[in-house]
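Engineer: Fold the following, please.
(chains A and B)
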Amino acid sequence: MSNDHTIPEEIERAGETVNTERPPMAVLGIGGAGVKIVNLLASLPRSGIKLAVADSDQQSLDNSVLPENLRFAMGIEWTQGMGCGGNTQRGARAFSHSQSKLESFVKNSPILFVTGGLGGGTATGGGPVVGRLARRLSIPAVCIFSMPFSFEGHGRRGQAESGIQQLLPDADVVIPVPNDLLFSTLPASTPADTAFRKADEALAEAISCLARIFQCRNLLSADFAELKEALGKRKSVCAIGYSSMDAPREKRIQTAIEALINSPLLGGVKRLGHADAVVLSVIGGPDLEIGELKQSLEIIQEKTAEKCNIITGANTDPAFAGKISLAAIVIQYDKNANPIPDHEFTPAIPRPTLVPPGNQGSRDMLDQGELNLFPFSKGIFSGSRENSRDGEDLDIPTFQRRKITLDKGK
Amino acid sequence: METKMPRMLKSNKVVTAVEIGTSKICVLIGETDEKGNIIVLAHGEKPSDNAVVKGEITDMGKVLKIFDAALREAEEAGNTEIDPNHVYMAVTGAHIIAYRGQGSIPINTENHTVRQEHIEEAFQSAAIISLPPEQETINEVEGEFFIDGRPVQNPLNQTGNKLEAHSHLICAHRNRIENFNIPLHEVAGVENAEPVFSALAAAQSVISEEASRRGVLLIDMGAGTTEFILFHNRGVFDSGVIPVGCNHIANDLALALDIAFPRCRRIINEQEHHKCKQTGLSFLEIPGTFATRKIPVDTIDKVIDLRLRETFELIQSRLLKKNLLQHIGDRVIICGGAAEMPETEPVLRSIFETPVSSIGKEISGNISGATTNLQTPRHCMVLGLLRHGLRGGKSQSSLVTDLDRRFWQILKSIIFKLKDAIKL
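Structural biologist: Residues are numbered from 1 along each chain as shown, chains lettered A, B, ... in the order given. Okay, here's the model as predicted:
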């Protein structure tokens, strides 16, 4: 009988020792927004995470609260610390040039979080480079990026979209969060400064909650594999919400859920109703009640559609005594990009094919064909038989068919 | 002399394996010792010099010359001659298509017990499919058996009313197979070399019976083509050819970076970009006529990754469509030139989400003799082909055409029925 009393303690102790022995998870903020998010993350209570920032802009790095050895200046030798000026190729080059600096930081961590704002040069170009670095070191990478506001213009939006396309094959999990969601809950009179800060705060909270999901795993476990299954290799749009409550026990769960639904980057109840998947994390102190857990899950289930896949992680952490913290990632798949929900990666860009010269003559004279502005060449295979599969000529380099611009070097 | 004496005294058959591949033309001559281990007697190899593109011969004149040189090298090195009756050649190319054959026969014997003849007959009827006139079946692999719809591993001596056999048939374009025969006929006087689909040959040297029972996907990515074959539970579930190989990667690099193709081949073969990474350099320096170019290693990585990923995803999506992915119970094995690239394994692991192993030195476990330079993933297929030949090749003679087979089958079934009628 005495065993009954000792078992929970043992488990708890075992859990704690495992946590402390584990190497810390790495969070890397890249680009200007990445530095800001990591600054906010540094001010949050956290354990088991190590932070670093990397940017090509010296000024932005100077704003970081991190010690000097955790600020990585990328490609500073030839950008002169002036940033990439929105050029993704410069971003990619800066990162590939200095990636050895990041290697020692990233190495040995169980998971790498990469965060920043897409649409500019540094994060959009550098993100895939960091993704590939993580893959080479066999570290799972979770990329949480904010997408630019629509009012920032088409160019920036397009750049961010192509950034996501390039990230998908390299990172295990890509969580793009559109900044536009801020408009759904914040009044128009909110100061711009506060609005941007709120967006960054939401990302910082999301990273901190995700890290805790992977760390504690003591009640209901939601692990990396589940997140990868929900988000891996699929283009999606995500919304994130968080809330942390220190209210009296009777009402704290209701208020926490209300606050979660009203979080600036969640996009309100309507968005929750259209979600394809929701990752929900509930963290409380040792006083977390099973009733509270049940209630929070039931409310989320009520608000979501029947088909919605809900991944729940519930944990207790002594640091949260008397508190409850909720976080949700609301995932909506991009139906246009991948209509069949299989594991195949199909980019949204239409893939070009070569029209054999013989077929061009049979066209209607009045039918003006599209001018092929993208140069396609087959190199050594130009004389060989067409190698077509699913409407694509496999002899044309993959990067040309996917319209990926590459840095040829100098 | 001492080593040669026993070989001359024994009347072991000497088998020749020939690979006319995109990167090399290779001849292996071998025999087995008294324990059944393989002894490689001779090895001749010459680069194909662009005479073979994507696994198919494009310049016969060149192939004849190169094959002649490779054969002579082998014969001189091993001080032996090939036996024209036991020659096996590897075939590949986009024209190869795999079909699933199915045949069933009633068991009309006393007590309804399955006999060896029934198994053979069921398998033969499973091997009969209607093919377009330009195609022929080159390899037949026994698959699963069912007795009254119940799957069985070995149907012999079991009872039932109906025996059903499944087989995996690898079919190829008749003329293109004939093309592979020409050099053998012209240079070595070989009349009937047995064609073997190269993935099937490679499987002979790398897949253990235990692993194949659990389910193995073997991918052989050579210079011109990528072949794959999925083994599960003794049988072959799927196989095919993707006409993309390491030459495509080099060509992609050449077009992406404006560098000559042979130079790109060297980057891949010698893993120059990988060496850069190990030394902490992020640029690969390529000396040009006027100035040295600095190519970002990351660009090279990206081009290679895109092509490898696309090729393996083609295989993955095909298996997914056929609902066969869950049958990879053991692992994915990669051989061929791509297995030497450090990028291949991680890409495969991320696509198939199973253990991945590339084949290196372990292939020559029970192979002895002239094995210098043979212990590489590039020679995995030709070694497997030799092993296949030494095991006796396929059960049916390649001379038997579909028509003959159909005739024999009808005749056999008549005899069976007569036998049963007499017993009754």
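
Engineer: Quick check: closest non-adjacent residue to residue 381.
Structural biologist: Because you didn't say which chain, this covers chain A. residue A:395 (4.0 Å; CB to CB, 6 or more residues apart in numbering or on different chains). Backbone N, C-alpha and C define where each C-beta goes, glycine included.

Engineer: Switch to chain B, please.
Structural biologist: Per CB to CB, 6+ apart, closest to residue B:381 is residue B:202, 4.0 Å.

Engineer: hang on, that neighbour is in a helix, isn't it?
Structural biologist: Yes - under DSSP: H, G, I helix; E, B strand; the rest coil, residue B:202 sits within a helix.

Engineer: And it, how far from chain A?
Structural biologist: Distance, residue B:202 to chain A, by CB to the nearest CB, to the nearest Å: 22 Å.

Engineer: cool, and residue B:208?
Structural biologist: Distance, residue B:208 to chain A, by CB to the nearest CB: 26 Å.

Engineer: The closest residue to chain A within the stretch 151-300 of chain B - nearest residue in space that isn't next to it in sequence?
Structural biologist: For the stretch 151-300 of chain B and chain A, the shortest gap (CB to the nearest CB) falls at residue B:298, measuring 3.4 Å. Sequence neighbours aside, residue A:96 is the residue nearest to residue B:298 in space, at 3.4 Å (criterion: CB to CB, 6+ apart).

Engineer: Next up, the contacts around the one you found.
Structural biologist: A:129, A:407, B:282, B:296, B:297, B:298, B:299 (CB atoms under 8 Å, 6 or more residues apart in numbering or on different chains).

Engineer: Quick one: neighbours of the fifth one, just the number.
Structural biologist: Going back to what we said before, that points to residue B:297. Using other CB atoms under 10 Å in any protein chain shown, residue B:297 has 22 neighbouring residues.

Engineer: That one touches residue B:282, doesn't it?
Structural biologist: Yes - contact criterion CB atoms under 8 Å: residue B:297 and residue B:282 qualify, at 5.4 Å.

Engineer: In the chain, which helix is the longest?
Structural biologist: Using chain A. Scanning chain A for the longest helix, with DSSP state H as the assignment, gives helix A:192-215.

Engineer: That was the other one, I meant chain B.
Structural biologist: Longest helix in chain B, counting by DSSP H: helix B:297-321.

Engineer: mind checking the backbone torsions on residue A:321?
Structural biologist: Torsion angles at residue A:321 (phi, psi; degrees, to the nearest 10) stand at phi -50, psi 130.

Engineer: Distance check, it against chain B.
Structural biologist: For residue A:321, the distance to chain B - CB to the nearest CB - is 39 Å.

Engineer: what number of residues lie near the spatially closest residue to that residue that is not a sequence neighbour?
Structural biologist: Spatial nearest neighbour of residue A:321, chain neighbours left out: residue A:285 (3.5 Å); criterion: CB to CB, 6+ apart. The tally of other residues near residue A:285 (other CB under 10 Å) stands at 15.

Engineer: from what I can see residue A:285 touches residue A:316, true?
Structural biologist: Yes - using CB under 8 Å, residue A:285 is in contact with residue A:316, at 6.4 Å.

Engineer: Just the buried residues of the longest helix of chain B, please?
Structural biologist: B:297-319 (16 or more other CB atoms under 10 Å in any protein chain shown).

Engineer: how far out from the middle of the chain is that helix?
Structural biologist: Distance of helix B:297-321 from its chain centroid, counting by CA atoms, centre = their mean, to the nearest Å, is 21 Å.

Engineer: remind me which residues of the stretch 151-300 of chain A are low pLDDT?
Structural biologist: For the stretch 151-300 of chain A, residues meeting the criterion pLDDT under 70 lie at A:216-218, A:221, A:232-233, A:247-249.

Engineer: For it, which residues are neighbours of chain B?
Structural biologist: Selection of the stretch 151-300 of chain A residues close to chain B by CB under 8 Å from any CB of the partner chain yields A:169, A:170, A:172.

Engineer: ok, now with 7 Å
Structural biologist: Counting by CB under 7 Å from any CB of the partner chain, the residues of the stretch 151-300 of chain A close to chain B are residue A:169.

Engineer: so what does the longest helix of chain A touch, helix or strand wise?
Structural biologist: strand A:25-30, helix A:31-43, strand A:112-117, strand A:141-147, helix A:182-185, strand A:236-245, strand A:277-284, strand A:324-333 (3 or more CB pairs under 7 Å, 6 or more residues apart in numbering or on different chains; DSSP states H and E).

Engineer: neighbouring contacts of the shortest one?
Structural biologist: Looking back up the chat, that one is helix A:182-185. A:195, A:198, A:199, A:262, A:264, A:265, A:267, A:268 (CB atoms under 7 Å, 6 or more residues apart in numbering or on different chains).

Engineer: Can you tell me how far the closest residue to the last one other than its chain neighbours is from residue A:118?
Structural biologist: To tie it back to what came earlier, the one meant is residue A:268. Nearest residue to residue A:268, sequence neighbours excluded (CB to CB, 6+ apart): residue A:184, at 5.1 Å. Residue A:184 is 20 Å from residue A:118, where distance means CB to CB, to the nearest Å.

Engineer: try residue B:296
Structural biologist: Distance from residue B:296 to residue A:118, by CB to CB: 21 Å.

Engineer: What of residue B:277?
Structural biologist: Taking CB to CB, one finds residue B:277 at 26 Å from residue A:118.

Engineer: and these two? which has more neighbours close in?
Structural biologist: Remark: of residue B:277 and residue A:118, residue A:118 carries more neighbours, 26 against 21, as counted by other CB under 10 Å.

Engineer: Dihedrals phi and psi, the residue lying closest to that one once chain neighbours are set aside?
Structural biologist: Excluding the flanking residues, the one nearest residue A:118 by CB to CB, 6+ apart is residue A:160, at 3.8 Å. With angles defined as degrees, to the nearest 10, residue A:160 sits at phi -70, psi -40.

Engineer: Tally up the residues packed near residue B:292, please.
Structural biologist: 10.

Engineer: swap that for residue A:255, please
Structural biologist: Neighbours around residue A:255, by other CB under 10 Å: 15.

Engineer: Identify all contacting residues around the helix or strand hosting it.
Structural biologist: Using DSSP states H and E, residue A:255 falls within helix A:249-261. Residues from elsewhere that reach helix A:249-261 (CB under 7 Å, 6+ apart): A:241-243, A:245, A:247, A:268-269, A:272, A:292, A:295-296, A:299, A:324, A:326, A:328.

Engineer: One more: stretch B:282-298?
Structural biologist: Outside stretch B:282-298, the residues that reach it (CB under 7 Å, 6+ apart) are A:92-93, A:96-97, A:99-100, A:129, A:407, A:409-410, B:257, B:259, B:272-273, B:276-277, B:300.

Engineer: Give me the PyMOL select line for the residues you listed, limited to the buried ones.
Structural biologist: Typed into PyMOL, the line below selects the buried ones among the contacts of stretch B:282-298, using 16+ other CB under 10 Å:
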select buried, (chain A and resi 92+93+96+97+99+129+407+409) or (chain B and resi 257+259+272+273+276+277+300)
